[in-house]
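# here is my input; please provide its structure:
(chains A and B)
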Amino acid sequence: MTRRLTSEGVLRIALAVVAVVGLGVATYLTVARFSGGDVTCVVGGGCETVQKSEYSTLLGIPVPVLGLFGYAGFLVAAALSGPLGRALGLFTAIVGFGFSAWLTAVEAFILEAWCTWCVISAILVTIATILCIARVVAGNRADARADAEPGGGPEPAPAGAAAD
Amino acid sequence: MSTRKSGSSNKSNNLYYIVGAVVAALVVAGVLIAVSMSGGDGTDKVADDATIAEVQANMEGIPASGVVLGEPDAPVTITEYSDIACIHCRTAALQSIPTVVTELVRTGEAKLEFAPTAFISASSERGALGVLAAADQDAAWPFSEVLFHMQGSASTDWLSDADMESVAEQLGMDVEAWKQAYAGSAVEDAFIASRDAVAAAGVTSTPTFIITGPGGTERVEGAVPAADLIAAVEKVSTPS
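Now for the predicted structure:
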């Protein structure tokens, strides 16, 4: 039981950290967007091209706002234990990674301009995706071990045991 | 027995959660990407007031005549061969042209000439004709700049006549006069002449800037930084 808590627990904490950093990046881009200010491009100068391109909104919603929802989803998934938390994390990861990959392809092949913040966000989403997949694997293995233990099924849950 | 049964049920539940999450996520991701790929952001292509104000402030008070912006006797002419639907022309319009206007055109060192061409989509030709119609009111440059701000996906026909009427109105132009010019044969002839000039200049990609001055001619291709254009103007501004 201790091992199960450790492996999945560490992954959840790591996911929460990535989500908080991602929320910071998405918040910065959202504030810059709504304040009408320019985004400070740490490397290169493609931020304005990317931010002002038509790909920077989806159905009228600025992409950084979608990013806020995505990282909030990761944070909630990290806070939730058990299958629901794993499933929410996996859902957010697949949507986030897929859309992020598309936007990276847009930067590389259509706009031919790179926004440093978008690249950082893409890296964060990739890390979060790896963590979410690892969490599903670790959680399922832990569940299988618990089920195999004599009398060690999850129902009824022992009082005080963290069903991680 | 009871434990084995509940363990098996737990496994099934986990599987349902995971499969459900994966399927739902693939559907949502697919829809998001498809909407983004379509180039449609669900809104009409109307320039916002901030864009109009930014473009007008950049060019305000600078003499303009037809497709030329700047002092008529400016020693250097920067001719930009451009397609309204070309994404690199948009990059140049948003990132380099405003600085060129401030640093070179406003100071009288150079003048800008717009030479529209069309090779991407129907929006290219529509935009070229729209800019040439705006040139009748000496508003070709602000008109083209606003169109670049509004630019849609190269894979879509994003620019309509109604969009351009809105731009003419927002820029304070005579909309009826613009509509008449846009539909007239003079603008079509000017477009054919512009396209011929593009071919004659050997332009194979846009944007291409041909910079002519007393010191000769420089050719700059692509969405280069304003500094490159400024350097090219300096190179040709004095007789060699």
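
# residue ranges for the strands of chain B, please.
B:64-65, B:68-69, B:76-82, B:110-116, B:208-213, B:216-221 (DSSP state E).

# other SSEs contacting whichever strand or helix holds residue A:7?
Per DSSP states H and E, residue A:7 falls inside helix A:2-35. Here helix A:2-35 touches helix A:47-51, strand A:61-62, helix A:63-79, helix A:116-148, going by 3 or more C-beta pairs under 8 Å, 6 or more residues apart in numbering or on different chains; DSSP states H and E. Yep, even glycine has a C-beta here, placed from its N, CA and C like the rest.

# could you pull out the buried residues of it?
Neighbour counts over helix A:2-35 (16 or more other C-beta atoms under 10 Å in any protein chain shown) mark A:4, A:7-8, A:11-12, A:14-16, A:18-19, A:21-23, A:25-26, A:29-30, A:32-33 as buried.

# how far off helix A:116-148 does that helix point, in degrees?
Taking axes from the mean of the first three to the mean of the last three C-alpha atoms, to 10 degrees, helix A:2-35 and helix A:116-148 form an angle of 160 degrees between their directions.

# the helix or strand of chain A at the bottom of the mean pLDDT ranking near chain B at all?
The weakest-scoring helix or strand in chain A, judged by mean pLDDT, DSSP states H and E, is helix A:47-51 (a mean of 74). Yes - judged by C-beta under 8 Å from any C-beta of the partner chain, helix A:47-51 comes into contact with chain B at A:48-49.

# show me what that helix is in contact with.
In this structure, residues lying in contact with helix A:47-51 by C-beta atoms under 8 Å, 6 or more residues apart in numbering or on different chains are A:29, A:32-33, A:38-41, A:56, A:107, A:111, A:113-118, B:90-91, B:94-95.

# quick one: residue B:77 and residue B:212 touch, right?
Yes - the pair residue B:77 / residue B:212 is scored as a contact, 5.0 Å apart, by C-beta atoms under 8 Å.

# ok now stretch B:78-88, how far from the chain's centre?
The chain centroid and the centroid of stretch B:78-88 are separated by 7 Å, computed with C-alpha atoms, centre = their mean, to the nearest Å.

# so that stretch, near chain A or not?
Yes - against chain A, stretch B:78-88 shows contacts by C-beta under 8 Å from any C-beta at B:87-88.

# can you give me the end-to-end distance of that stretch?
17 Å (C-alpha to C-alpha, to the nearest Å).

# how about it: buried residues?
B:78-88.

# closest to residue B:157 out of those?
Nearest to residue B:157 among the buried residues of stretch B:78-88: residue B:85, at 8.8 Å, using C-beta to C-beta.

# for the closest one, give its distance to chain A.
As judged by C-beta to the nearest C-beta, to the nearest Å, residue B:85 and chain A stand 12 Å apart.

# now do the contacts for that residue.
B:118, B:120-121, B:123-124, B:127, B:151, B:154, B:158-159.

# domain map for chain B?
What automatic domain parsing lists as the domains of chain B is B:1-37, B:49-236.

# hmm, back to that, give me the buried entries from the contacts of helix A:47-51.
If you count burial by 16+ other C-beta under 10 Å, the buried members of these come out as A:29, A:32-33, A:39, A:41, A:56, A:107, A:111, A:113-118, B:90-91, B:94-95.

# pLDDT wise, what is the spatially closest residue to residue B:138 that is not a sequence neighbour at?
The shortest distance from residue B:138 to any non-neighbouring residue, by C-beta to C-beta, 6 or more residues apart in numbering or on different chains, is to residue B:64 (4.2 Å). pLDDT for residue B:64: 96.

# what's the neighbour count on residue B:64?
Residues near residue B:64, counting by other C-beta atoms under 10 Å in any protein chain shown, number 20.

# wait, what's in contact with it?
Applying C-beta under 8 Å, 6+ apart, the residues near residue B:64 are B:70, B:138-141.

# as JSON lines, these with distance to residue A:50 would be great.
Output for these, formatted as JSON lines (distance: C-beta to C-beta, whole Å):
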{"residue": "B:70", "distance to residue A:50": "30"}
{"residue": "B:138", "distance to residue A:50": "33"}
{"residue": "B:139", "distance to residue A:50": "29"}
{"residue": "B:140", "distance to residue A:50": "28"}
{"residue": "B:141", "distance to residue A:50": "25"}
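
# farthest-apart pair in those, please.
The farthest-apart pair in the contacts of residue B:64, when distances are taken by C-beta to C-beta, is B:70 and B:139, at 14.1 Å.

# the more surrounded of those two?
residue B:70 (27 against 24).

# give me phi/psi at residue A:59?
phi 50, psi 40 (degrees, to the nearest 10).

# just the pLDDT for the closest residue in space to residue A:134 that isn't next to it in sequence.
Of all residues not flanking residue A:134 in the chain, residue A:11 sits nearest, at 5.6 Å (C-beta to C-beta, 6+ apart). Residue A:11 carries a pLDDT value of 94.

# my read: residue A:11 touches residue A:128, true?
No - contact between residue A:11 and residue A:128 fails when scored by C-beta under 8 Å: they sit 10.5 Å apart.

# confidence score at residue B:43?
You'll see residue B:43 listed with a pLDDT of 45.

# and if you look at the one 4 residues further on?
In this model, residue B:47 is scored at 79, pLDDT.

# if I pick it, what's in contact with it?
B:146, B:149-150, B:166-167, B:170 are the contacts of residue B:47 under C-beta under 8 Å, 6+ apart.
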